[in-house]
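K.L.:
Okay, predicted coordinates and the sequence, questions at the end:
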Amino acid sequence: QNYPLYIRSVPTENELKFHYTVHTSLDVVDEKISAMGKALVDQRELYLGLLYPTEDYKVYGYVTNSKVKFVMVVDSSNTALRDNEIRSMFRKLHNSYTDIMCNPFYNPGDCIHSRAFDNMVNSMMMQVC
C-alpha cells in the first residue's frame, strides 16, 4: 500500500528530503515491476538495481516475493559501494525483515519497532559512512 514501515536516515537534518525521495522512488519501483512482468515472479533475485541517480544521491530498490519494497538512498560521492555490496545489503535487510515477520507478536503492516532490526540497520549505515 506504499506506506513506510521503517525509515532511518543519517544525517537527520535532511530527513524530510529523504522521505520525499523514498516516496517518489516508489513510482519507479512500480514501473520496473510492471516492466519485468511475469519474469519477476520466476526469479529468486528481486534486486531492482539503480532506480535513478540525482546530483547528490543514488536510489536503489529491492522487492520481496510478498511485494514489500526496500529503498536505499546512498550518497553519490560514495564510490566505494558497488552493485554487489548494495545487493548484499538488501539481502541482509530482507533476512532481518523475515526475522521480524516470524515474530508472533508482530502484526504485519505495523511500523517496525525492533532493537535487533535497528542495530542491523545502524551497523550497515556505519559501514557505508
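P.N.:
Right, received. Where do you want to start? Residues are numbered from 1 along each chain as shown.

K.L.:
Tell me the pLDDT of R115.
P.N.:
Per-residue pLDDT puts R115 at 93.

K.L.:
Now do the same contact list for it.
P.N.:
With contacts defined as CB atoms under 8 Å, 6 or more residues apart in numbering, R115 has no neighbours. Yep, even glycine has a C-beta here, placed from its N, CA and C like the rest.

K.L.:
Tell me where this structure has strands.
P.N.:
47-53, 57-63, 69-75 (DSSP state E).

K.L.:
which residues touch the second one?
P.N.:
Judged by CB under 8 Å, 6+ apart, the contacts made with strand 57-63 from elsewhere in the structure are 21-22, 25, 28-29, 32-33, 40, 46-53, 69-76, 86, 90, 93-94.

K.L.:
what's S9 in contact with, if anything?
P.N.:
Taking CB under 8 Å, 6+ apart, we find S9 in contact with E15, F18, V73.

K.L.:
on that earlier part again, mind checking which of the strands of the chain is nearest D110?
P.N.:
D110 sits nearest to strand 69-75 of all the strands of the chain, at 16.4 Å, using CB to CB.
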